[in-house]
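*Asks:* missing the sequence, but the structure's below:
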């Protein structure tokens, strides 16, 4: 972001959709802090972040639309430790909440990376999907960039002192969540295998 300015903010948010361990909650306040220091325009940073979020969401929407329900479900079932039930739950959630899922989902870590897929599968109109994604992403980006801008003086010592530690904490938390997910899924698979053997 320091090198590319507002464009760098958009690129960071775009990448976050494909690599969820890069959390926008950590990226956007830094953009606000850089705006506070006069190194970028806060409104252009919000615009760039929103464009990055929307364009990446388009990619997932088109992927869901192109693959369709059956192929997406079959693909999920081929992934290690995932099964069709995971897809069915996500689809039921989207069918129940629809537009609200897209709107609010843009403000939820991990969910915002994948909520676009069921929208494409369900053939949500592209213009409506774009509208809800733009609103949800715009509000989210403005909130965090505005927070970084408002807390500018307080953020500087914190960023200098704690940025390395926070990066390590994020890595540890993500690794712990992945390990927990893998452990629970392996235990479930073992129980299912034993039940099938007994049957």
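*Replies:* Arrived safely. The shown structure was predicted, so the numbers you read here are calculated from the model rather than taken from an experiment.

*Asks:* quick check: residue 12 vs residue 133, distance?
*Replies:* Taking C-beta to C-beta, to the nearest Å as the measure, residue 12 falls 17 Å from residue 133. (Glycine included, C-beta is placed from N, CA and C.)

*Asks:* which of the two has more neighbours?
*Replies:* residue 133 (26 against 21; other C-beta atoms under 10 Å).

*Asks:* so which strand or helix has the more buried one?
*Replies:* Using DSSP states H and E, residue 133 maps to helix 126-150.

*Asks:* from residue 43, how far out is residue 124?
*Replies:* Residue 124 is 29 Å from residue 43, by C-beta to C-beta.

*Asks:* the more surrounded of those two?
*Replies:* With neighbours defined as other C-beta under 10 Å, residue 124 and residue 43 compare such that residue 124 has more, 22 against 12.

*Asks:* hmm, residue 103 and that one touching each other?
*Replies:* No - counting by C-beta atoms under 8 Å, residue 124 stays clear of residue 103, with 11.6 Å between them.

*Asks:* contacting residues for residue 98?
*Replies:* Residues in contact with residue 98 (C-beta atoms under 8 Å, 6 or more residues apart in numbering) are 122, 124.

*Asks:* try the one 5 residues further on
*Replies:* Residues touching residue 103, when contacts are defined by C-beta under 8 Å, 6+ apart, comprise 132, 135, 136.

*Asks:* any stretches of the protein with poor pLDDT?
*Replies:* Scanning the chain for pLDDT under 70 picks out 18-24, 79-84, 86, 107-113, 153-171, 174, 185.

*Asks:* for it, what spans make up the helices?
*Replies:* 6-18, 24-36, 42-78, 84-97, 99-105, 111-114, 116-121, 126-150, 152-198 (DSSP state H).
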